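K.L.:
Below is the sequence, then the predicted model.
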Amino acid sequence: MTERFTEQAVNVRCGSFFLAFASGSCTSCGGQTDLVAIGLPAGHERCEEGVWWSADEPVLLFDIEVLAPGIGAVLFDGCPQFRAVRSAGDNRSVWCNHCQSCGAPQADYWLHCEPGGAFLPLSPEMASSIDLIAVDLAFAARACGFSEGVPLPYAMRRSG
Ligand SMILES: [Zn+2]
């Protein structure tokens, strides 16, 4: 089960968000699989120790523990491979990508923290294969990972 959504659980929010689509090799079976990450534009708000502040850079989120229910529905429609799993080792749920061939969860660490990973491209050229789609829907979540300074092509397509 995913943690129930409450306003208190949220530490990041924004009036809109975007989805970043990439592909990569499954860490379990080695097959190619579609991968998705959630990003927020500059001006999104974050809460640290009860104080909200506005961030002046776009960010990719990872290690997402709680997502507002409406966001989960968008993901279920557009990228069902991104869903919550109970994390091995500690007693919490995190949202992560799952291989489209074998179903194995793909750890955010390899996608977001490893230089050259699907969502940590080292150059604008590497980033050019990442497709961004903006979604005009209020966003709220609790995330533990924030990736800034990624050279994504922020001139993105709009949804709808
Ligand atoms: Zn696989």
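P.N.:
Nice, I can see it.

K.L.:
Would you map the helices across the protein?
P.N.:
69-78, 108, 124-127 (DSSP state H).

K.L.:
For the ion, which of those helices is the nearest?
P.N.:
helix 108 (16.0 Å; Cβ to the ion). Glycine gets a C-beta too; all of them are placed from N, C-alpha and C.

K.L.:
pLDDT (mean, whole number) over that closest one?
P.N.:
What helix 108 shows for mean pLDDT is 95.

K.L.:
Columns distance to D90 on top of the helices of the chain, output as TSV?
P.N.:
Below are these laid out as TSV (distance: least, Cβ to Cβ, whole Å):
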stretch	distance to D90
helix 69-78	21
helix 108	14
helix 124-127	31
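
K.L.:
Just say which of those helices is most tucked in.
P.N.:
helix 108 (a mean of 23; mean count of other Cβ atoms under 10 Å).

K.L.:
mind checking which of the helices of the chain is nearest G50?
P.N.:
Among the helices of the chain, helix 69-78 comes nearest to G50, with 23.0 Å by Cβ to Cβ.
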